[in-house]
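In: Give me coordinates for this.
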Amino acid sequence: MNAISPTEFTSESEVDEEPEAESEIEFTLRATPVLDHESPRIAQFVAEEAPGSAAGATGADLRERCRALFYAVRDGIDYEVFDTGLRDADLAGSAVLDAGRGFCLHKSILYATAVRHLGVPSRLASSLVRNHLSSPELTALVGGEVFLHWYVEIHLDGRWIKVTPVFNRLLCRMYGIAPLEFEGVHHAFDPQGLKRMEFLGDVRLHPDPTPDRIRELIQSAHPAMVTPDLRVPSRSRFVGSGSPS
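Out: Presented below is the predicted three-dimensional model:
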């Protein structure tokens with residue numbers, strides 16, 4: 001399998017089209033099939049992990065609830081790429097919560113969904129990155145060191161900030177790096193982490209991501225991940241070889 005080249009993607013940021021009748025903020029607060037923040041499971045998750053007034057929160061309280069949800073997703077949902085579902089039914093915030101596992105896409109979907117339940121506008125974002133910390137099996141699956149990485153943008157205090165509730169504390173400890181934290185004002189990168197995850201650009205914003213669009217982007221970057229049964233292959237297929245058996 002050939003590694004993907006950054007030049008195969010556009011260099012400028014893209015935003016999925018938004019309806020003219022809705023403002024950007026209104027559009028990024030809606031419940032959608034993927035960001036299903038009106039689901040009872042999401043409501044329960046938010047109530048347990050970020051309790052507060054049913055009337056909503058503002059200011060510092062809202063930031064603290066977003067922070068609590070960040071750590072609940074970062075450390076409470078296992079990071080796993082292999083044998084992870086990509087069906088429509090797998091690509092919803094409530095489904096990720098039930099599965100308890102997923103890769104950057106799934107964990108970002110759950111976080112974006114949860115903060116929308118708080119009334120915080122959110123949107124998925126994707127970007128090409130060069131990952132210098134990867135197992136041989138994962139490198140074989142994606143076709144090299146260039147990954148399609150997913151994270152979240154949330155709107156707090158009048159600005160959009162980047163949030164990555166992906167790499168849990170245990171995983172970072174295994175690789176000897178500090179986990180990303182929630183700052184509430186910007187995207188906090190550990191200097192060590194930057195050396196291992198190099199952003200290459202091609203940022204795409206997804207206010208209303210659909211399963212078809214998500215799979216299309218994954219397929220274009222990592223063909224081996226999108227199988228006929230819409231489940232990422234298991235790790236065993238890549239053990240001891242540079243390509244799937």
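In: can you pull out the strands in this structure?
Out: Using DSSP state E, the strands of the chain run over residues 14-15, 78-79, 101-102, 122-131, 146-156, 159-163, 197-206.
In: Quick one: distance of the fourth one to the chain centre.
Out: The reference is to strand 122-131. Centre-to-centre, strand 122-131 and its host chain are 7 Å apart (Cα atoms, centre = their mean, to the nearest Å).
In: mind listing what's buried in that strand?
Out: 122-131 (16 or more other Cβ atoms under 10 Å). The C-beta positions use only the backbone N, C-alpha and C, and glycine is treated the same way.
In: Give me the contact list for the longest helix seen in the chain.
Out: When the chain is parsed with DSSP state H, its longest helix is helix 59-76. With Cβ atoms under 8 Å, 6 or more residues apart in numbering as the test, helix 59-76 has contacts from 45-46, 49-50, 52, 56-57, 100, 107, 110-111, 114-115, 118, 120, 154, 156-157, 163, 165-170, 179-180, 182, 184.
In: Ok, stretch 94-104 next?
Out: 36, 39, 41-42, 45, 76-81, 84-85, 89-90, 106-107, 109-110, 113, 149-151, 164, 166, 232.
In: Comparing the strands of the chain, which yields the minimum mean pLDDT?
Out: Among those, strand 14-15 carries the lowest mean pLDDT, at a mean of 54.
In: quick one: least confident helix or strand in this protein?
Out: helix 191-196 (a mean of 51; mean pLDDT, DSSP states H and E).
In: So which residue is dead centre in this structure?
Out: Ser108 (2.7 Å; Cα atoms, centre = their mean).
In: Read off the pLDDT value for that residue.
Out: So Ser108 comes in at 97 (pLDDT).
In: What residues does it make contact with?
Out: Ser108 touches 124-125, 150-152, 164-166, counting by Cβ under 8 Å, 6+ apart.
In: what does Leu86 give?
Out: Residues near Leu86 by Cβ under 8 Å, 6+ apart: 211, 214-215, 218, 225-226, 230-232.
In: Quick one: work out the angle between the longest helix of the chain and strand 146-156.
Out: Relative orientation of helix 59-76 versus strand 146-156 (axes from the mean of the first three to the mean of the last three Cα atoms, to 10 degrees): 150 degrees.
In: what's the offset of stretch 125-135 from the middle of its chain?
Out: What separates the centre of stretch 125-135 from the centre of its chain is 12 Å, taken as Cα atoms, centre = their mean.
In: I misspoke; the intended subject was stretch 108-124.
Out: The answer for stretch 108-124 is 11 Å, by Cα atoms, centre = their mean.
In: now swap in stretch 210-219 and tell me
Out: 13 Å.
In: For that stretch, which outside residues touch it?
Out: 16, 33-34, 86-88, 91, 105, 126, 148, 204, 206, 225-226, 230.
In: Going through those, which ones are buried?
Out: 34, 86, 88, 91, 105, 126, 148, 204, 206, 225-226, 230.
In: Taking the residues you listed, tell me the two that lie furthest apart.
Out: The widest separation within these, taken as Cβ to Cβ, falls between Arg204 and Leu230 and amounts to 21.1 Å.
In: Against Pro233, how distant is the residue nearest to the centre of the chain?
Out: Using Cβ to Cβ, to the nearest Å, we find Ser108 at a distance of 21 Å from Pro233.
In: now, which of the contacts of helix 59-76 lie within helices?
Out: 45-46, 49, 107, 110-111, 114-115, 169-170.
In: May I see the residues you listed arranged in JSON lines, with neighbour count and distance to Arg65 as well?
Out: Formatted as JSON lines, the ones in helices among the contacts of helix 59-76 follow (neighbours: other Cβ atoms under 10 Å; distance: Cβ to Cβ, whole Å):
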{"residue": "Phe45", "neighbour count": "22", "distance to Arg65": "12"}
{"residue": "Val46", "neighbour count": "22", "distance to Arg65": "8"}
{"residue": "Glu49", "neighbour count": "16", "distance to Arg65": "9"}
{"residue": "Lys107", "neighbour count": "27", "distance to Arg65": "18"}
{"residue": "Leu110", "neighbour count": "28", "distance to Arg65": "15"}
{"residue": "Tyr111", "neighbour count": "28", "distance to Arg65": "12"}
{"residue": "Ala114", "neighbour count": "31", "distance to Arg65": "9"}
{"residue": "Val115", "neighbour count": "29", "distance to Arg65": "8"}
{"residue": "Arg169", "neighbour count": "12", "distance to Arg65": "20"}
{"residue": "Leu170", "neighbour count": "11", "distance to Arg65": "24"}
